[in-house]
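Colleague: Prediction below, plus the sequence it came from.
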Amino acid sequence: MTTQSGTGGINRPAPFLSSVMRIEPQWIDYNGHLNMAYYNVMFDRAIDELWLVLGIGPDYKKARNFSTFTAECHVRYLREIHLGDPVQISIYLLDADDKRLHTFEELRHAGEGWLSATSENMTLHVDMGLRKTAPFPPDIRTTIDAVARAHASVASPEGIGRAIGMPAKK
């Protein structure tokens with residue numbers, strides 16, 4: 001993956017913007033488009049960038065022995081992405097409490113701006129020694145709350161809270 005510097009730091013207006021990424025050749029499936037598993041790879045890489053801003057990345061795990069685990073994920077595939085397409089992911093921190101983060105991500109073509117996929121996630125804060133959920137430390141919670149407030153000030157993207165189901169019969 002090639003990247004360009006992201007533009008979504010803590011002092012930047014919401015939403016958080018990931019680095020620009022490019023689709024890798026081994027990610028293309030026999031249908032000639034990005035395999036569904038690799039949308040999750042890109043969403044995960046973007047979340048890792050936001051986690052660095054929040055102070056909960058790899059150094060946090062090493063220094064404090066806390067990390068995050070994804071508890072639930074809902075991906076919508078809206079438009080095909082192909083080999084070489086540049087993509088960028090917007091991340092909205094929708095809500096947070098003592099132990100959880102609710103995020104919504106939009107994967108867009110970085111050059112043309114159209115929406116390819118979304119991912120809504122519930123992430124748990126975990127004490128790695130106990131392998132159980134644990135409250136965020138106060139300094140981390142302060143950062144999370146500041147980002148959540150900034151993200152609450154922008155319009156919510158379409159698709160949050162969607163459920164999977166067959167269309168209603170008429």
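Modeller: The structure has been received and is ready for your questions. Residues are numbered from 1 along each chain as shown.
Colleague: Buried residues in the longest helix along the chain, which are they?
Modeller: For the chain, the longest helix by residue count, based on DSSP state H, is helix 36-54. For helix 36-54, the neighbour count (16 or more other Cβ atoms under 10 Å) marks 38-39, 42-43, 46-47, 49-51, 53-54 as buried. For glycine as for every other residue, the C-beta is placed from the backbone atoms N, C-alpha and C.
Colleague: Same check on stretch 72-80?
Modeller: 74-76.
Colleague: Check stretch 56-76 too.
Modeller: Those would be 56-57, 60, 66-68, 70, 74-76, for stretch 56-76 by 16+ other Cβ under 10 Å.
Colleague: Quick check: end-to-end length of it?
Modeller: Start to finish, the residues bounding stretch 56-76 are 26 Å apart (Cα to Cα, to the nearest Å).
Colleague: Same check on stretch 106-123?
Modeller: End residues of stretch 106-123 are separated by 17 Å (Cα to Cα).
Colleague: tell me the mean pLDDT for that stretch?
Modeller: Averaged across stretch 106-123, pLDDT comes to 97.
Colleague: The chain: strands as residue ranges?
Modeller: Counting by DSSP state E, the segments of the chain that form strands are 16-17, 21-22, 66-77, 86-96, 100-109, 115-127, 132-133.
Colleague: Report the inter-axis angle for the fourth one versus strand 115-127.
Modeller: The reference is to strand 86-96. Angle, strand 86-96 to strand 115-127, by axes from the mean of the first three to the mean of the last three Cα atoms, to 10 degrees: 50 degrees.
Colleague: Touching strand 86-96 from outside, list them.
Modeller: 8, 14-23, 42-43, 46-47, 50, 81, 101-111, 116, 141, 144-145, 147-148, 151, 154, 156-157, 160 (Cβ atoms under 8 Å, 6 or more residues apart in numbering).
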